[in-house]
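> okay, here's the prediction I keep looking at, along with the sequence it came from:
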Amino acid sequence: MKIYLDGKFYSREDAKISVFDHGLLYGDGVFEGIRAYSGRVYRLKEHVDRLFDSAKAIMLNIPLTHAEVEEVVLETCRQNDLKDAYIRLVVTRGVGDLGLNPNKCPKATIFCIATGITIYPEEVYEKGLKLITAATQRIPQSSLSSAIKSLNYLNQILARLEGNLAGADELIVINHEGYVAECSADNIFVLKNGKITTPPISAGALGGITRQSVMDLAPEVGITISEANLTRYDLWVADEIFLTGTAAEVVPVRELDGRVIGSGKMGPWTRKFIEAYRKLTRSTGAPIFK
Ligand code: PXG
């Protein structure tokens with residue numbers, strides 16, 4: 001395995017970060033989880049744009065252009081001869097002293113890992129996921145914008161720990177007003193009476209690339225998707241619920257808080273979005289090999 005780190009490629013053993021890196025000391029940094037399908041990196045530009053927006057929000061200077069970061073991702077896939085990959089692109093504040101002041105970190109650390117993909121078993125897509133609502137609420141937008149894909153994932157990890165204890169596959173995370181934000185690492189879509197709704201980013205969701213893909217696909221699938229605040233009740237009585245994320249793609253939900261969702265089987269609209277998203281990811285994207 002070849003890992004990109006600050007302009008060079010290293011073996012897995014030699015790709016090392018300083019214990020003084022503020023990405024480690026304070027979770028001070030941003031990242032992207034990206035996928036490549038059949039020799040093409042899916043929505044690479046959108047991922048790199050989101051990375052730069054996350055970095056701008058935390059006043060982190062990425063010492064490369066958008067085009068150069070895109071090339072880092074493509075070259076990392078090439079170096080590892082990967083056509084299908086899960087890619088982790090990370091930018092940290094870099095090395096500083098033990099104080100948290102970012103001004104003491106002269107240069108960002110950038111690394112990129114590309115690995116083979118572990119696909120979820122097909123039965124997950126047929127059966128659907130079991131969810132519970134997490135007691136851990138989303139951090140208010142006034143404290144930390146959910147649009148920033150930062151290295152601070154403890155809010156999501158605290159939720160995921162609850163899921164592990166309860167034997168749930170994913171968690172509904174609500175905001176401090178009681179509205180649904182998203183899941184621990186996926187966005188959520190809810191179908192009721194022939195219409196699909198998803199929480200707005202302002203409710204505490206990440207602006208997911210898969211979320212946007214599904215919204216882009218809606219006209220072709222033949223249904224309208226709108227953003228609105230949702231309560232747990234709206235979810236309990238939904239006809240269908242599906243989650244979206246780079247790793248999960250589009251995946252159905254069969255149960256939430258002990259309530260069976262819809263028929264308890266994958267609904268027809270969820271199936272349409274799974275198929276449309278699979279087609280899109282396998283036929284578009286930035287070519288790895290020219
Ligand atoms: N919400 C959160 C909080 C996320 O972290 C998504 C939604 C979905 O966004 P995309 O852009 O992927 O459609 C994410 C991203 C993993 C893993 O390995 C997944 C994410 C983050 C970190 C790790 O499963 N999900």
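Right, received. Where do you want to start? Numbers count the residues shown, from 1 in each chain.
> tell me the residues of the stretch 1-150 of the chain that contact the ligand?
Neighbours of the ligand within the stretch 1-150 of the chain, by Cβ under 6 Å from any ligand atom: Gly33. To be clear about C-beta, it is placed using only N, CA and C from the backbone, and glycine gets the same treatment.
> what about the strands in the stretch 1-150 of the chain?
2-5, 8-11, 29-37, 40-41, 85-92, 109-115, 129-133 (DSSP state E, counting those that start in this stretch).
> closest to Tyr153 out of those?
Among the strands of the stretch 1-150 of the chain, strand 29-37 comes nearest to Tyr153, with 9.2 Å by Cβ to Cβ.
> which ones are touching the residue of the stretch 51-200 of the chain found nearest the ligand?
With Cβ to the nearest ligand atom as the measure, Ala185 is the residue of the stretch 51-200 of the chain nearest to the ligand, at 3.9 Å. Taking Cβ atoms under 8 Å, 6 or more residues apart in numbering as the criterion, Ala185 is in contact with 156, 160, 170, 245, 247.
> which among those end up buried?
For these, a burial check counting by 16 or more other Cβ atoms under 10 Å picks out 156, 160, 170, 245.
> just checking, the last one touches Asp186?
It refers to Gly245. Yes. Using Cβ atoms under 8 Å, Gly245 is in contact with Asp186, at 3.9 Å.
> overlap in contacts of the two?
Between them, Gly245 and Asp186 share the contacting residues Gly208, judged by Cβ under 8 Å, 6+ apart.
> one step back: which of the buried ones among the contacts of Ala185 come close to the ligand?
Contacts with the ligand within those, as defined by Cβ under 6 Å from any ligand atom: 156, 245.
> what's the most distant pair in the buried ones among the contacts of Ala185?
Farthest pair in the buried ones among the contacts of Ala185, by Cβ to Cβ: Arg160 and Gly245, 13.1 Å.
> within the helices and strands, which one has Ile157?
helix 154-166 (DSSP states H and E).
> which residues are contacting that helix?
Residues contacting helix 154-166 (Cβ under 8 Å, 6+ apart): 27, 132, 134-136, 138-139, 144, 168-171, 173, 184-185.
> give me the angle between the very next helix or strand once past it and helix 154-166.
Toward the C-terminus, helix 154-166 is succeeded by strand 170-174 as the next helix or strand (DSSP H and E). Calculated by axes from the mean of the first three to the mean of the last three Cα atoms, to 10 degrees, strand 170-174 forms an angle of 130 degrees with helix 154-166.
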